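Enquirer: dropping a prediction and its sequence here:
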2 protein chains.
Amino acid sequence: MTTTTMHPFDSAIQLAAIDDGIRRGSTHPTWASMVGPFGGITAAILVRAVQTHPDRIGDPLAVTVNFAAPIVDGDFDISLRAARTNRTTQHWILELAQDGEVKTTATSVFGIRRDTWGDTEALPPCVPPPEEISPDSAQGDFVGWSRLYDLRFAEGPFPGEDAQPSLSTTTMWMRDSARRRVDYPALTALSDVFCPRVFLRHGGFTPAGTISVTTYFHADQQQLDALNDDYVLGAANANRFSGGYFDQGAQLWTRDGVLLATSHQVVYFKA
Amino acid sequence: MTTTTMHPFDSAIQLAAIDDGIRRGSTHPTWASMVGPFGGITAAILVRAVQTHPDRIGDPLAVTVNFAAPIVDGDFDISLRAARTNRTTQHWILELAQDGEVKTTATSVFGIRRDTWGDTEALPPCVPPPEEISPDSAQGDFVGWSRLYDLRFAEGPFPGEDAQPSLSTTTMWMRDSARRRVDYPALTALSDVFCPRVFLRHGGFTPAGTISVTTYFHADQQQLDALNDDYVLGAANANRFSGGYFDQGAQLWTRDGVLLATSHQVVYFKA
């Protein structure tokens, strides 16, 4: 007899259809972060919620998730509706609530991709392959969920207190430790794996949390299939810190230079 | 006797409070663009709508606007509510509808800025001052509303058919032609003044339209006061075009190197 254990990512994004416009999920201790669950898993769950809807057309093009209040341990309900369905795009509005209290709001655009002219202007970071870099353990000591990823830092590792670089750039290879293949929810989560950039500038922990994150999906299903469970190259940076807030950007690439996603967020910090 | 004419920007963002959670506005022919009004003015109107709400705290930190369907000429109603109010941040959900049909959805985060450590990592583009560059007229021939701005291109002007650069970067000085001072709604609009990047790559018009735009506001009120009605330096680029969509990013700077806002959008195109 064999027992199959569900991957922690799949457990976390599992949703029950309460009715046409409500999905119920639960927090999982594995994904606990500083305050509530890892934001990337919440964003992944919201993308998954739209995917489960029978009216959904196409695949994710964009998702914006606003972290309004900490999600506490336990069940949550996601209400979702298509505010507008066009021929090739569809606009979703979502709210995640616990005991009737809104914790997260989101909008997402799904769309059908067509064959068109294409080009990538951004350049992938020039770094050694993941096989030539040792896996990192520092972030795993800080938040447990990051042990679910095999992270290999080429630049800007999770900071120790002695390091305070003048630029908050991180470039790293990321792969699911159990080699779960990358789908749209997984790509959503990967775009938020980078620690808050203020940690790098201040040489370690300082209270900080994402307020709002927007991810644009460039990869089509074929490109995700080709990626399968391989490493994704992520690069994150920041533009400006001021008034208790900063912005953080990220790009996710395949080994072959396919730009999978770009992501942007505004983060609250105390320092 | 003197008559004062309202500035076209102020006319466009004028809203009547129908009740606590509804604001009514009207389209203005001056702002007509390819399909419906200029997206930047719609985004500005949504930011303005939150500003008019008696429960609003702080100033804009982030706004995401999803262009679900074309706004037609005439009145529109904006429904808005604070999904969550924290001590220093507030999360808004907005929908713009005409005859009960949703045309635009949005979320916005407002927040109170505090004195903190700060730094700007991004570097402003290195270009000649606006006084040394001639004003452009090409974009004004294409969409009438752009005549409301004094645009001076340092790089990547509005494309003629003979120019097809391999990078879709534009760097330009932008100022309101009538010297209206820059406030948060005006900054919102400025972040969307750049034409779709696919125009540059294809040497002119091709059907294209913003699907979703997110702007992060870095400037505090003091910095906007200092800017007053001076030129803003804008830089726009694109990362990847594929499957009928591309992303476009923009940074807005003062002459003195203050990063005012960063903005990102996903755009639909045919080519």
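Expert: Sure thing, it's come through.
Enquirer: what number of residues lie near A:A62?
Expert: Neighbourhood size, A:A62 [other C-beta atoms under 10 Å in any protein chain shown]: 26. (C-beta placed from N, C-alpha, C; glycine too.)
Enquirer: and if you look at A:E131?
Expert: 8.
Enquirer: helix, strand or coil for it?
Expert: Using DSSP: H, G, I helix; E, B strand; the rest coil, the structure places A:E131 in helix.
Enquirer: where in the stretch 1-150 of chain A is pLDDT low?
Expert: Along the stretch 1-150 of chain A, the model assigns pLDDT under 70 to residues A:1-3, A:137-141.
Enquirer: which parts of it are strands?
Expert: A:16-19, A:22-26, A:59-67, A:75-85, A:89-98, A:101-111, A:119-120, A:149-155 (DSSP state E, counting those that start in this stretch).
Enquirer: packing partners of the second one?
Expert: When you say that, I think you mean strand A:22-26. Packing partners of strand A:22-26 (3 or more C-beta pairs under 8 Å, 6 or more residues apart in numbering or on different chains; DSSP states H and E): strand A:16-19, strand A:75-85.
Enquirer: can you tell me which of the strands of the stretch 1-150 of chain A is most buried?
Expert: Of all the strands of the stretch 1-150 of chain A, strand A:59-67 carries the top mean neighbour count, a mean of 26, counting by mean count of other C-beta atoms under 10 Å in any protein chain shown.
Enquirer: quick one: strands adjacent to it?
Expert: If you go by DSSP bridges, strand A:59-67 pairs up with strand A:101-111 (antiparallel), strand A:208-217 (antiparallel).
Enquirer: okay, the angle between it and strand A:89-98?
Expert: Interaxial angle, strand A:59-67 versus strand A:89-98 (axes from the mean of the first three to the mean of the last three C-alpha atoms, to 10 degrees): 30 degrees.
Enquirer: please compute how far strand A:59-67 lies from its chain's middle.
Expert: In terms of C-alpha atoms, centre = their mean, to the nearest Å, the centre of strand A:59-67 is found 10 Å from the chain centre.
Enquirer: now do it against strand B:75-85, angle only.
Expert: 50 degrees.
Enquirer: A:L252 reaches A:L260, doesn't it?
Expert: Yes - using C-beta atoms under 8 Å, A:L252 is in contact with A:L260, at 4.5 Å.
Enquirer: mind listing the shared neighbours of these two?
Expert: A:187, A:232 (C-beta atoms under 8 Å, 6 or more residues apart in numbering or on different chains).
Enquirer: more neighbours, those two?
Expert: Taking neighbours as other C-beta under 10 Å, A:L252 and A:L260 compare with A:L252 leading, 26 against 23.
Enquirer: packing partners of the strand or helix carrying that one?
Expert: Using DSSP states H and E, A:L252 falls within strand A:245-253. In this structure, strand A:245-253 packs against helix A:197-201, strand A:232-242, strand A:259-269, with contacts taken as 3+ C-beta pairs under 8 Å, 6+ apart.
Enquirer: reformat those as CSV; add mean pLDDT and distance to A:I45.
Expert: Output for the helices and strands packed on strand A:245-253, formatted as CSV (pLDDT from 0 to 100; distance: least, C-beta to C-beta, whole Å):
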stretch, mean pLDDT, distance to A:I45
helix A:197-201, 93, 24
strand A:232-242, 98, 20
strand A:259-269, 98, 16
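Enquirer: could you export those as JSON lines, including distance to B:A62?
Expert: Output for the helices and strands packed on strand A:245-253, formatted as JSON lines (distance: least, C-beta to C-beta, whole Å):
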{"stretch": "helix A:197-201", "distance to B:A62": "16"}
{"stretch": "strand A:232-242", "distance to B:A62": "13"}
{"stretch": "strand A:259-269", "distance to B:A62": "5"}
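Enquirer: follow-up on the earlier one: so which of the strands paired with strand A:59-67 is nearest B:F38?
Expert: Each of the strands paired with strand A:59-67 has some distance to B:F38 by C-beta to C-beta; the shortest is strand A:101-111, at 19.8 Å.
Enquirer: returning to what we had before: nearest to B:V213, of the strands of the stretch 1-150 of chain A?
Expert: Counting by C-beta to C-beta, B:V213 lies closest to strand A:59-67 out of the strands of the stretch 1-150 of chain A; the figure is 9.7 Å.
Enquirer: spell out which parts of the stretch 151-271 of chain A neighbour chain B.
Expert: Residues of the stretch 151-271 of chain A lying close to chain B by C-beta under 8 Å from any C-beta of the partner chain are A:167-168, A:201-202, A:211-212, A:214, A:216, A:218, A:220, A:237-245, A:247, A:251, A:259, A:262, A:264, A:266, A:268-271.
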